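Asker: here is a sequence together with a model predicted from it:
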Amino acid sequence: MKHDSAGCSKEIVLQTQGQSQKIRAAVFEQGNLMEVFEEVVGSTHLVGNIYRGRVENVLPGMQAAFVDIGLDKNAFLYVGDAVATRFEEDERVSPADSVRIEHVLKPRQELLVQVIKEPVGSKGARISVNLTLPGRYVVLLPQVSYVGVSRKIQDNDERARLRALADEAKPEGMGVIVRTLAEGIDGEEIAEDIAQLVAIWRALQPKIPHVSVPGIVHRDVDLISRLVRDWIDQDVGKITVDQDEVAIILRKALQNIEHPAAKHIHVISSEDLFVRFGVNDEIRKALRPRVWLKSGGYLVIQQTEALIVIDVNTGKYVGQRSLEETVVHTNLEAAREIARQLRMRNLGGIIIIDFIDMTTKEDQEQVIEVLEMACSRDKTKSQVLGLTQLGLVEMTRKKVGQTLAVRYTSPCPTCDGSGRL
């Protein structure tokens, strides 16, 4: 579903009414649906929450531990997340090769930890002892002295400016990572963001010893606040909501950060917004393995236990001039759609793409370049690694949260999980 986005490159649709008791958000770019989020009213979004936990068991063979933080399933603590982070320039240095879990943790030990990945399927939440507090322009690292800048900001002068501003504004002994949203933002706003996060951290300190083990110390903000913090960037030109109360909250939050979208919040209270904007139809399409391209070609997307496989086919598209032109046109269209499908389906891990065979190296490079460009707009980190000897494109995308299929379907009891309902 493509709809008129009134000239803005990004639009957010926020639905808070309905029988499902869910707050649902959809992100459109150039009129195309790119991402969908939802949160059950009153439920707990776990990533970012800080807990006091107790080590239940240490597993030297897996170099990990299970920690009781008060959830249904024990959380998983990998050795690399069980020791203090070290940074060299803008890279996090993993200590996993030089440290053993049994030398760091022992059963019944109490820890202050933060959830870094939601539970998925049978796996519990993943946690870390390295705590962070995300703001709009920076992430505060309260336990480590360090200043870093998002790698998505590529201009060297801008990186140096932001690093200097953050270094000047941060307290001694604390660290800051400057987020992509900070590009072009003045020093006063960055300093204010850091000050707010430092205040939150200092307010937490006296509470921590009084929280029972296991127990929650700090809860991350709700979906609407996270949208403002993480998703409403400079490209967002329009927000549509279904309740006046939500519009008032958003306007106030956006006016506080002087965002122009504060003047472009529209309320449509009489309709189901996810039906009106075609979001539900797009979700249904994204739950099928086959995705049709506008040209008549199609993708087949299959998720296995180990990786995601994507096959590109010309389908009904026969081109006009030559076979090579038909192949390249289909592959270029497929590259853009693959990036969109990965975001919308929230697929992560190892991804193998079988583009239609191309005869020239220039055509191959062009397709990979378009794929990289399309993936660069994704907030979730991804990396295109290039062609294998078999002519397959390898890439990775960080696993964050549950896939669209897990959120909207369940395994089929008849075929024991090879199909979904």
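Answerer: Arrived safely. If you're wondering where the values come from, they're calculated on a predicted model, not measured in any experiment.

Asker: other residues contacting stretch 219-231?
Answerer: 12, 14, 23, 25, 27, 37-39, 44-45, 47-49, 134-136, 246, 249-250, 253-254, 257, 379 (Cβ atoms under 8 Å, 6 or more residues apart in numbering). C-betas here are computed from N, CA, C, even on glycine.

Asker: now, those residues that are in helices?
Answerer: V246, I249, L250, A253, L254 (DSSP state H).

Asker: selecting buried members of the contacts of stretch 219-231 in ChimeraX, what would you type?
Answerer: A single ChimeraX command is used to select the members of those judged buried by 16 or more other Cβ atoms under 10 Å:
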select :12,14,23,25,27,37,38,39,45,47,48,49,134,135,136,246,249,250,253,254,257,379
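
Asker: the ones in helices among the contacts of stretch 219-231: which two are farthest apart?
Answerer: Maximum pairwise distance among the ones in helices among the contacts of stretch 219-231 (Cβ to Cβ): 12.3 Å, between V246 and L254.

Asker: quick one: name whatever helix or strand follows the helix or strand of the chain with the lowest mean pLDDT.
Answerer: Least confident helix or strand, the chain: strand 91-93 with a mean of 63, by mean pLDDT, DSSP states H and E. Counting by DSSP states H and E, the next helix or strand C-terminal to strand 91-93 is helix 101-104.

Asker: counting contacts, what elements does that following helix pack onto?
Answerer: On a contact count with 3 or more Cβ pairs under 8 Å, 6 or more residues apart in numbering; DSSP states H and E, helix 101-104 meets strand 50-59.

Asker: quick one: strands adjacent to the strand it packs on?
Answerer: Using DSSP bridges, the strands paired with strand 50-59 are strand 64-68 (antiparallel), strand 110-117 (antiparallel), strand 215-218 (antiparallel).

Asker: please work out which of those is packed deepest.
Answerer: strand 64-68 (a mean of 23; mean count of other Cβ atoms under 10 Å).

Asker: mean confidence for stretch 232-245?
Answerer: The average pLDDT within stretch 232-245 is 90.

Asker: should've said stretch 205-225
Answerer: 89.

Asker: that older thread, and D357, which of the strands paired with strand 50-59 is closest to it?
Answerer: Nearest to D357, of those and by Cβ to Cβ, is strand 110-117 at 37.1 Å.

Asker: strands along the stretch 1-150 of the chain, start to end?
Answerer: 10-15, 22-29, 32-40, 50-59, 64-68, 75-78, 86-88, 91-93, 110-117, 126-128, 133-134, 138-141, 147-149 (DSSP state E, counting those that start in this stretch).

Asker: tabulate those (a markdown table), appending distance to V300.
Answerer: Converted to a markdown table, the strands of the stretch 1-150 of the chain look like this (distance: least, Cβ to Cβ, whole Å):
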| stretch | distance to V300 |
| --- | --- |
| strand 10-15 | 29 |
| strand 22-29 | 24 |
| strand 32-40 | 20 |
| strand 50-59 | 38 |
| strand 64-68 | 35 |
| strand 75-78 | 33 |
| strand 86-88 | 41 |
| strand 91-93 | 36 |
| strand 110-117 | 28 |
| strand 126-128 | 31 |
| strand 133-134 | 37 |
| strand 138-141 | 38 |
| strand 147-149 | 39 |
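
Asker: least confident of those strands, on average?
Answerer: Lowest mean pLDDT of the strands of the stretch 1-150 of the chain: strand 91-93, a mean of 63.

Asker: the longest helix seen in the chain: which residues count as buried?
Answerer: In terms of residue count, the longest helix belonging to the chain (DSSP H) is helix 323-345. Judged by neighbour count (16+ other Cβ under 10 Å), helix 323-345 contains these buried residues: 326-345.

Asker: now do the helix or strand that it is followed by: which elements does it pack against?
Answerer: Later in the chain than helix 323-345, the nearest helix or strand by DSSP H and E is strand 349-354. Here strand 349-354 touches strand 307-313, strand 393-397, going by 3+ Cβ pairs under 8 Å, 6+ apart.

Asker: what about the stretch 301-421 of the chain, any weak spots by pLDDT?
Answerer: The model of the stretch 301-421 of the chain has pLDDT under 70 over residues 317-321, 417-418.

Asker: now the closest residue to R276 other than its chain neighbours: how far from D244?
Answerer: Take R276 and drop its neighbours on the chain: the residue closest to it by Cβ to Cβ, 6 or more residues apart in numbering is I268, 7.0 Å away. To D244, I268 is 11 Å away according to Cβ to Cβ, to the nearest Å.

Asker: out of those two, which sits in the more crowded spot?
Answerer: Ranked by neighbour count (other Cβ atoms under 10 Å), I268 and D244 place I268 first, with 15 against 10.

Asker: which ones are touching that one?
Answerer: T240, V241, D242, R276.

Asker: wait, the third one sits on R24?
Answerer: No. The pair formed by D242 and R24 falls short of the contact definition of Cβ atoms under 8 Å, at 9.8 Å.

Asker: hey, what's in contact with both of those two?
Answerer: By Cβ under 8 Å, 6+ apart, the residues touching both D242 and R24 are L14, Q15, T16.

Asker: can you list the domains in the protein?
Answerer: For the chain, automatic domain parsing gives the domain ranges 10-43+222-280, 50-218, 287-407.

Asker: mind checking which of those is nearest L421?
Answerer: domain 287-407 (10.2 Å).

Asker: just the helices in the stretch 151-300 of the chain please.
Answerer: Residue ranges of the helices in the stretch 151-300 of the chain, as given by DSSP state H, counting those that start in this stretch, are 156-169, 187-204, 223-226, 244-256, 273-276, 279-286.
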